[in-house]
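Chemist: Need a 3D model of the following:
(chains A and B)
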Amino acid sequence: MANLYQSLELIKPEIALSIALIVLVTCDLIFHKDKKFIPYIALGGLLITGIFLLANSSVSGFAFIQTDLMGKIGLVAVDSFGTFFKLLVIITSILIVFFSFSSEEIQKITDRIGEYYALLLGMILGMFFLISATDLILIYLSLELMSLSSYVLAGFTKLRDRNSEAALKYLIYGSVSSGLMLFGISLLYGLTGSTNLYVINMMLQSPNANMFTLAFANILILAGIGYKISAAPFHFWTPDVYEGAPITITAYLSVASKAAGFALLIRFIKTTFVSFVDSTGNWQLIQVFDWKSVLIALSILTMTLGNFSAIWQNNIKRMLAFSSIAHAGYLMLGLVVFSNGGLLAILVYFVIYLLMNLGAFLVAMLIANKTGFEDINDYNGLGHTSPFLGIAMVIFLVSLVGLPPTAGFIGKLYLFIALVDAKMLAVAVIALLNSVVSLYYYVRVIKHMYLTAPEKETQAVKPNLHDTILVTVLVIPTLLFGIYFQPLVNWAKNSLEILGLM
Amino acid sequence: MLQVGLTHFLVVSAILFSLGVYGIVTRKNAVMVLMGIELVLNAANINFVAFSRFSGFGLGGQMTALFVIVLAAAEAAIALAIVLNIYKQFTNVNIDEIDHLKD
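Modeler: Got it, this is the predicted structure:
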């Protein structure tokens, strides 16, 4: 029993989240008439979870230790790496709740608003377990918990045909890839005799498994994870779902769901396929599967495809979807160097990506609320009629390109430093050329906002106080981290610990 | 008398998996695609149970299969709800025709 109490102690944030979910569903059932207060329950639950997370930030250890496995490894690993990603998810979720307050699409659904927040909390719970899971079964279960909630959320508003279409596409691509992943897991279980990542690691250290089957299993599992982070051959759902889903959910999928996917990918590879970390912080891979070449190929393919497809897009949500595919490619570059320096670059980049991507989606949402435009050609002259939103959008887009003095530059800088340290100059050059390509489609939006004269009088978009504060909250750190990034880097440096066997 | 061993189960599961993938790729009806996905999940289930039974890994695999069955049911419920919603709006469930989101 002592073991159980220790485990519960470690997963306090998840417990708080579950309680908030139950309270929210109950209140939704009891109060039929007035549901205005439901979002505040979600917000309160998220804040309490965040407080527990911060209190837990220096704690590390395994929860739910299995007695048959030497009595020290468990299902859930609580460590600073996981806490970092969980904090990112919580920050994104709180921002998304505020986004939902100012989103026209979400405010139109008054009677089903309880379901919206219940599904959102369910999705966050899935992400939390996904970030910490060290057992393939728990990974699969939490991945499904997260996916099932997001399928419904993608088609939640049902205002237009395209919502349902987005939900269907997300559902079909999602369940195919998670089915493939499960088959891969079953093969890995057959090859190693366990679903625990640490035991699999030990079995692979002295490999007598069939290399071909192992490679097949790894690729199937990578398909499941690659779909979550929208990496290249598994990205087909991204543009359609991002365009069709309500814009708050699009923003959420592009940041939080991707964060959980990346945490899973990094933890899976680090705990399963790395034999030891040497004194300079390089990860030594077990020679059973060439993850390095596979990931380099995927990341180059992902960013090139994302950037070149984004050039042709006219819908701002679709353009941002391809841009988020490209950013997944950049983020994978931090993993392919297989070192602590690369991991640091990923963490720094992710915080910055969160700010600038959510910011760009927020401005697009505010403009779409007022004018109904999502087409870039309709943005003509918006920079003059609504200067505040125009300037904010320029800052976010410049940051997405990665130009100084914005935070995006710092993120790219750390990635390139990691690549150069690992002597992967060719890959760094390709990434740099990709950034140049991305300049074109981001600047195109700015050009439409400031330099193209509108054909007819455009409506001015005047954000109210709530929206102004929200935009400011995202603009200030985007600028600040471009100049004063030391605290961010220190935070990331303290979050590199991924629990290993030793 | 032929002894049924691990290989036989693995062959069955490989056939099921291939049929499932074939169904996903070729079928146009959304419900048929979802049935293909069920085949893939069940192929994985057969693997789990067979490995657990014949390789002496303990009961972990059998337990996993139970989890997957429950999850497949949940997934089917949500999938059918979404497909029903599609049918109401488009009056068909042909995935090739439901393609209004384009560049």
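Chemist: Provide the strand pairings for the host helix or strand of A:Gln284, with the direction of each partner.
Modeler: Following DSSP states H and E, one finds A:Gln284 within strand A:283-285. Sheet partners assigned to strand A:283-285 using DSSP bridges are listed as strand A:274-277 (antiparallel).
Chemist: how about the nearest residue to the most centrally placed residue in chain B, chain neighbours excluded?
Modeler: Residue closest to the mean C-alpha point of chain B, counted by CA atoms, centre = their mean, is B:Glu38 at 2.1 Å. Once flanking residues are discounted, B:Glu38 sits nearest to B:Ala72: 6.3 Å by CB to CB, 6 or more residues apart in numbering or on different chains. The way it works is simple: take the backbone N, C-alpha and C, and place the C-beta from them, glycine included.
Chemist: rewinding a little: centre of the chain versus the strand holding A:Gln284, how much separation?
Modeler: 25 Å (CA atoms, centre = their mean, to the nearest Å).
Chemist: Tell me which helix or strand comes right after that strand.
Modeler: helix A:291-310.
Chemist: mind checking how far the residue nearest to B:Met32 when sequence neighbours are not counted is from B:Ile37?
Modeler: Counting by CB to CB, 6+ apart, B:Met32 lies nearest to B:Gly23, which is 6.3 Å off, once chain neighbours are set aside. With distances taken as CB to CB, to the nearest Å, B:Gly23 is found 8 Å from B:Ile37.
Chemist: Those two: which is more packed in?
Modeler: Using other CB atoms under 10 Å in any protein chain shown as the criterion, B:Gly23 and B:Ile37 rank with B:Ile37 on top: 26 against 18.
Chemist: Do I have it right that that one meets B:Ile24?
Modeler: Yes: assessed by CB atoms under 8 Å, B:Ile37 is found in contact with B:Ile24 at 6.5 Å.
Chemist: Spit out the residues that contact those two alike.
Modeler: A:Val176 (CB atoms under 8 Å, 6 or more residues apart in numbering or on different chains).
Chemist: follow-up on the earlier one: following the chain past the helix or strand containing the residue nearest to the centre of chain B, name the next helix or strand.
Modeler: Here B:Glu38 sits within helix B:30-54, counting by DSSP H and E. Downstream of helix B:30-54, the next assigned helix or strand under DSSP H and E is helix B:60-90.
Chemist: Which single residue in the stretch 201-350 of chain A comes nearest to chain B?
Modeler: Here the residue of the stretch 201-350 of chain A nearest chain B is A:Asp240; by CB to the nearest CB that distance is 4.4 Å.
Chemist: mind checking the SS state of that residue?
Modeler: Under DSSP: H, G, I helix; E, B strand; the rest coil, A:Asp240 falls in the helix class.
Chemist: residues in contact with it?
Modeler: A:Glu165, A:Ala166, A:Lys169, B:Leu101.
Chemist: With A:Phe350 instead?
Modeler: A:Phe85, A:Leu88, A:Ala259, A:Phe262, A:Leu331.
Chemist: give me every residue that touches residue 48.
Modeler: All of this is about chain A. A:Ile48 touches A:Ala16, A:Ala20, counting by CB under 8 Å, 6+ apart.
Chemist: my question was about chain B
Modeler: So B:Phe48 contacts A:Ser186, A:Tyr189, B:Gly61, B:Gln62, B:Thr64, B:Ala65, B:Val68 (CB under 8 Å, 6+ apart).
Chemist: give me the number of residues near the residue nearest to it when sequence neighbours are not counted?
Modeler: Closest residue to B:Phe48 apart from its sequence neighbours, by CB to CB, 6+ apart: B:Gly61 at 4.1 Å. Residues lying near B:Gly61 (other CB under 10 Å) number 25.
Chemist: What of the one 5 residues further on?
Modeler: Other residues within reach of B:Leu66, judged by other CB under 10 Å, total 12.
Chemist: same check, this time on A:Ile113
Modeler: 19.
Chemist: about what we covered before: for the residue nearest to B:Phe48, list the residues it contacts.
Modeler: Per CB under 8 Å, 6+ apart, neighbours of B:Gly61: A:Tyr189, B:Phe48, B:Val49, B:Ala50, B:Phe51, B:Ser52, B:Arg53.
Chemist: Equivalent analysis for B:Ala79, please.
Modeler: If you count contacts by CB under 8 Å, 6+ apart, B:Ala79 has them with A:Tyr151, A:Leu171, A:Ser175, B:Leu34.
Chemist: again, 6 Å this time
Modeler: A:Leu171, B:Leu34 (CB atoms under 6 Å, 6 or more residues apart in numbering or on different chains).
Chemist: Closest to A:Leu433 out of the contacts of B:Phe48?
Modeler: A:Ser186 (40.8 Å; CB to CB).
Chemist: Show me what counts as buried in stretch A:423-442.
Modeler: A:Met424, A:Val427, A:Ala428, A:Ile430, A:Ala431, A:Asn434, A:Ser435, A:Val437, A:Ser438, A:Leu439, A:Tyr441, A:Tyr442 (16 or more other CB atoms under 10 Å in any protein chain shown).
Chemist: In strands only, show me the residues you listed.
Modeler: Per DSSP state E, strands hold no members of the buried residues of stretch A:423-442.
Chemist: ok, so of these, who is nearest chain B?
Modeler: A:Tyr441 (12.6 Å).
Chemist: For chain A, which residues are neighbours of chain B?
Modeler: A:137, A:144, A:148, A:151, A:161-162, A:164-165, A:167-168, A:171-172, A:175-176, A:179, A:182-183, A:186, A:189-190, A:193, A:240, A:243-244, A:313 (CB under 6 Å from any CB of the partner chain).
Chemist: Mind giving me the PyMOL select for those, buried ones only?
Modeler: PyMOL command restricting these to the buried ones, with burial defined by 16+ other CB under 10 Å:
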select buried, chain A and resi 137+144+148+151+162+164+165+167+168+171+172+175+176+179+182+183+186+189+190+193+240+243+244+313
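Chemist: and the gap between the spatially closest residue to A:Ala256 that is not a sequence neighbour and A:Leu253?
Modeler: Excluding the flanking residues, the one nearest A:Ala256 by CB to CB, 6+ apart is A:Thr92, at 4.4 Å. Separation of A:Thr92 from A:Leu253 (CB to CB): 10 Å.
Chemist: and what of A:Ala310?
Modeler: Counting by CB to CB, the gap from A:Ala310 to A:Leu253 is 17 Å.
Chemist: same thing with A:Phe234?
Modeler: 14 Å.
Chemist: what stretches of the chain score poorly on pLDDT?
Modeler: By default, I'm working from chain A. Within chain A, the ranges that satisfy pLDDT under 70 run A:1-2, A:67-71, A:207, A:457-458, A:501-502.
Chemist: meant chain B, my bad for not saying
Modeler: Chain B contains residues with pLDDT under 70 at B:1, B:102-103.
Chemist: Contact residues of it facing chain A?
Modeler: So chain B meets chain A at B:17, B:24, B:33, B:37, B:40-41, B:44, B:47-48, B:51, B:57, B:64, B:71, B:75, B:78-79, B:82, B:85-86, B:89, B:98, B:101, B:103 (CB under 6 Å from any CB).
Chemist: Filter the residues you listed down to the buried ones.
Modeler: B:17, B:24, B:33, B:37, B:40-41, B:44, B:47-48, B:51, B:57, B:64, B:71, B:75, B:78-79, B:82, B:85-86, B:89, B:98, B:101.
Chemist: The closest residue to A:Leu145 other than its chain neighbours: neighbour count?
Modeler: Distances taken as CB to CB, 6+ apart place A:Gly126 nearest to A:Leu145, at 3.4 Å, with adjacent residues excluded. Residues lying near A:Gly126 (other CB under 10 Å) number 22.
Chemist: contacting residues for A:Gly126?
Modeler: A:Ser142, A:Leu145, A:Met146.
Chemist: The host helix or strand of the first one packs against which elements?
Modeler: In this assignment (DSSP H and E), A:Ser142 forms part of helix A:136-154. Packing partners of helix A:136-154 (3 or more CB pairs under 6 Å, 6 or more residues apart in numbering or on different chains; DSSP states H and E): helix A:113-132, helix A:161-192, helix B:60-90.
Chemist: Need the contact partners of that helix.
Modeler: A:75, A:119, A:122-123, A:126-127, A:129-130, A:133, A:166-167, A:170-171, A:174, A:182, A:185, A:195, A:241, A:245, A:249, B:64, B:71, B:78.
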